[in-house]
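In: coordinates for the following, if possible.
(2 chains)
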Amino acid sequence: MSVTIQAADFDCGQEIVAITKGRDDIGAIASFIGLVRADPLAGEKINAMTLEHYPGMTEKALAEIVAQAKSRWDLQAVRVIHRIGRLVTGEQIVLVVVAASHRGSAFAACEFIMDFLKTKAPFWKKEETTHHGQWVEARDADESAADRWTK
Amino acid sequence: MSIQLLYFAGLREALGVATEHLELPAGVDTVAALRELLAARGSPWTALVTTKNLRAAVNQKMAGPDTLLQAGDEVAFFPPVTGG
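Out: Now for the predicted structure:
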């Protein structure tokens, strides 16, 4: 299973071991981990965020993004884990691990998957401070990041 | 025909509803017509037409205003996604 949505934390090292174990054809592994950041919000600092998703559609959307990456680059393995529920600052949110023969494909596919995950997968973040809660607004920069792959 | 409706994130909170089963009147057979039908319920349902960049999915695939609805469809409305 290359895509998992879960409340539990993940271990990037363990996921890489699971991908590479018993194989001698992989030459490059690229990984990305997204974390909860303590940005300022309404005069305070964010201390947690809650991630909501659309069960069923999220898994399909992520599987479609991974399939697109595999059709675009020669990849040997892809692993995506996205957490849901309430996460405090410093916690891990998302993991993307890509295995390929060479680094070029691994780096590019990892970034491609993250760019499309941010704009196509149905997840929503609600940030909270001690006194305030607010749904995160979509950023135009994220749309532009995804658009550049179609140019 | 009847459909299943789902609302997510800020929209779900504004409406105070996460899911509902709805019998569609004759003539309401597109995503755009469904939005108008729901908005006609008045506040807070007007959010269905006033929310900026509101997204729709039919049977878990992104859908446009002209997407046709069929009996048994799962239709979801939500704000632009913000995961990752």
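
In: what sits closest to the closest residue to chain B within chain A if chain neighbours are left out?
Out: Closest to chain B within chain A is residue A:123: 2.6 Å, counting by C-beta to the nearest C-beta. All C-beta atoms are positioned from the backbone trio N, CA, C, and that covers glycine. Closest residue to residue A:123 in three dimensions, ignoring its sequence neighbours and counting by C-beta to C-beta, 6 or more residues apart in numbering or on different chains: residue B:83, at 2.6 Å.

In: give me phi/psi at the one you found?
Out: Dihedral pair for residue B:83: phi -80, psi -170, per degrees, to the nearest 10.

In: got the contact list for it?
Out: A:51, A:53, A:82, A:94, A:117, A:118, A:121, A:122, A:123, A:124, A:125 (C-beta atoms under 8 Å, 6 or more residues apart in numbering or on different chains).

In: and the next helix or strand past the strand or helix carrying residue A:51?
Out: Following DSSP states H and E, one finds residue A:51 within strand A:48-53. On the C-terminal side of strand A:48-53, the closest following helix or strand by DSSP H and E is helix A:57-72.

In: may I have that next one exported as PDB, CA atoms only?
Out: Provided in PDB are the C-alpha atoms of helix A:57-72 (Å, rounded to 0.1, in the frame of the first residue of the first chain):
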ATOM      1  CA  MET A  57     -11.900  10.700  -2.100                       C
ATOM      2  CA  THR A  58      -8.600  11.600  -0.400                       C
ATOM      3  CA  GLU A  59      -7.200   8.100  -1.000                       C
ATOM      4  CA  LYS A  60      -8.400   8.200  -4.600                       C
ATOM      5  CA  ALA A  61      -6.900  11.600  -5.200                       C
ATOM      6  CA  LEU A  62      -3.500  10.600  -3.700                       C
ATOM      7  CA  ALA A  63      -3.400   7.300  -5.700                       C
ATOM      8  CA  GLU A  64      -4.100   9.300  -8.900                       C
ATOM      9  CA  ILE A  65      -1.300  11.800  -8.100                       C
ATOM     10  CA  VAL A  66       1.100   8.900  -7.400                       C
ATOM     11  CA  ALA A  67       0.000   7.200 -10.700                       C
ATOM     12  CA  GLN A  68       0.700  10.400 -12.600                       C
ATOM     13  CA  ALA A  69       4.200  10.700 -11.000                       C
ATOM     14  CA  LYS A  70       4.900   7.100 -12.000                       C
ATOM     15  CA  SER A  71       3.800   7.700 -15.600                       C
ATOM     16  CA  ARG A  72       6.100  10.800 -15.700                       C
END
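
In: that one - contacts with which helices or strands?
Out: strand A:3-6, strand A:75-83, helix A:103-120 (3 or more C-beta pairs under 8 Å, 6 or more residues apart in numbering or on different chains; DSSP states H and E).

In: now render these as TSV, adding mean neighbour count, mean pLDDT and distance to residue A:137.
Out: Converted to TSV, the helices and strands packed on helix A:57-72 look like this (neighbours: other C-beta atoms under 10 Å in any protein chain shown; pLDDT from 0 to 100; distance: least, C-beta to C-beta, whole Å):
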stretch	mean neighbour count	mean pLDDT	distance to residue A:137
strand A:3-6	16	98	23
strand A:75-83	22	98	19
helix A:103-120	20	97	13
